[in-house]
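*Asks:* Quick one, structure for this:
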Amino acid sequence: MLRKLFNVYISSDKDFTKRIKSMTGVTPQNLKLYKLAFYHRSTFNELSDLAQNNERLEYLGDALLNSISAEYLYHKYPNGDEGFLTKMRSKIVKRKTLNYIADAMGLDTLLMEFNRTHISTSMLGNALEALIGAMYLELGYDTTRKFVVNRLFRKYLDIHDLETNDDNFKSRLLEWGQKQGHEVQYKVISKFKQDHRDRYRVVVTVNGEELSTAEDFNKKNAEQQASEVALAKLGIKESAEA
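*Replies:* Residues are numbered from 1 along each chain as shown. So this is what the prediction gives:
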């Protein structure tokens, strides 16, 4: 309790403390842990007694988010079969959804404060997962679950819209290939550094012929973008720019 009071009223980081409390509903004690959630690996920092970036917290938060999502959906859809629940969970924890939630929460401002690099969209969702990991380490599973369900899912997600909206372009393209008897493959054709981070260029081929390419800092995102372009070229979906 004394540490929390110190963080709120006396600490030089009291503004950071209040921002975390506003986002999560709880007052953080270990500020260094919560700050770590916003350090991207491309940015050097002086947290010498901890890991130098948020990747380990992101890994932990990702596992927790999958577990909490599974439990949430299990109770929300008592008649949903395994396939439906799995598909719904993938929609919740996919990068696009997490990026949207993190942006709506204002995590971009914290990322800009703690990093000396261009803030990409994918960094938002990563920071959200890292924040979830930090909360779990300090507060345990129950408090973290309540935060995720009440302050993320119920506040930012339209769960019924997720039911009807299918924007998993890679899955749709692969299903099309299976139904039509075409071989759809993905390949990383280049990997290079940009803003001190790995960036991937991915090509989609159908029966060995190149159909579309895309690039992103996240390989899965690049595959989704290339799939969306491929679907548009095949006439399966209209181009987003149309």
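*Asks:* buried sites along the longest helix belonging to the chain?
*Replies:* Within the chain, and with DSSP state H defining each element, the longest helix by residue count is helix 55-76. Of the residues in helix 55-76, those with enough neighbours to count as buried (16 or more other C-beta atoms under 10 Å) are Leu57, Glu58, Leu60, Gly61, Asp62, Leu64, Leu65, Ile68, Ser69, Tyr72, Leu73. All C-beta spots, glycine's among them, are computed from the backbone N, C-alpha and C.
*Asks:* quick one, strands of this protein?
*Replies:* Using DSSP state E, the strands found in the chain span residues 184-194, 197-206, 209-216.
*Asks:* deepest of these, which one?
*Replies:* Ranked by average neighbour count under the criterion mean count of other C-beta atoms under 10 Å, the strands of the chain are headed by strand 197-206 at a mean of 19.
*Asks:* now stretch 19-33, how far from the chain's geometric center?
*Replies:* 20 Å (C-alpha atoms, centre = their mean, to the nearest Å).
*Asks:* what comes up buried for it?
*Replies:* By 16+ other C-beta under 10 Å, the buried positions in stretch 19-33 come out as Arg19, Ile20, Met23, Thr24, Val26, Pro28, Gln29, Leu31, Leu33.
*Asks:* now, which of those residues sits nearest Ala102?
*Replies:* Closest to Ala102 out of those is Met23 (10.0 Å), distances taken as C-beta to C-beta.
*Asks:* hang on, the earlier thing: dump the buried residues of helix 55-76 into JSON lines; add pLDDT and distance to Lys91 as well.
*Replies:* Compiled in JSON lines, these are given as follows (pLDDT from 0 to 100; distance: C-beta to C-beta, whole Å):
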{"residue": "Leu57", "pLDDT": "96", "distance to Lys91": "23"}
{"residue": "Glu58", "pLDDT": "96", "distance to Lys91": "20"}
{"residue": "Leu60", "pLDDT": "97", "distance to Lys91": "22"}
{"residue": "Gly61", "pLDDT": "98", "distance to Lys91": "18"}
{"residue": "Asp62", "pLDDT": "97", "distance to Lys91": "15"}
{"residue": "Leu64", "pLDDT": "98", "distance to Lys91": "18"}
{"residue": "Leu65", "pLDDT": "97", "distance to Lys91": "13"}
{"residue": "Ile68", "pLDDT": "98", "distance to Lys91": "15"}
{"residue": "Ser69", "pLDDT": "98", "distance to Lys91": "9"}
{"residue": "Tyr72", "pLDDT": "97", "distance to Lys91": "12"}
{"residue": "Leu73", "pLDDT": "97", "distance to Lys91": "10"}
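*Asks:* Now the residues you listed in CSV, please, with extra columns for distance to Glu138.
*Replies:* Formatted as CSV, the entries for these read as follows, by distance: C-beta to C-beta, whole Å:
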residue, distance to Glu138
Leu57, 11
Glu58, 16
Leu60, 12
Gly61, 13
Asp62, 18
Leu64, 13
Leu65, 17
Ile68, 16
Ser69, 21
Tyr72, 22
Leu73, 26
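*Asks:* Out of those, which is nearest to Asn207?
*Replies:* Closest approach between the buried residues of helix 55-76 and Asn207, by C-beta to C-beta: Asp62, at 34.7 Å.
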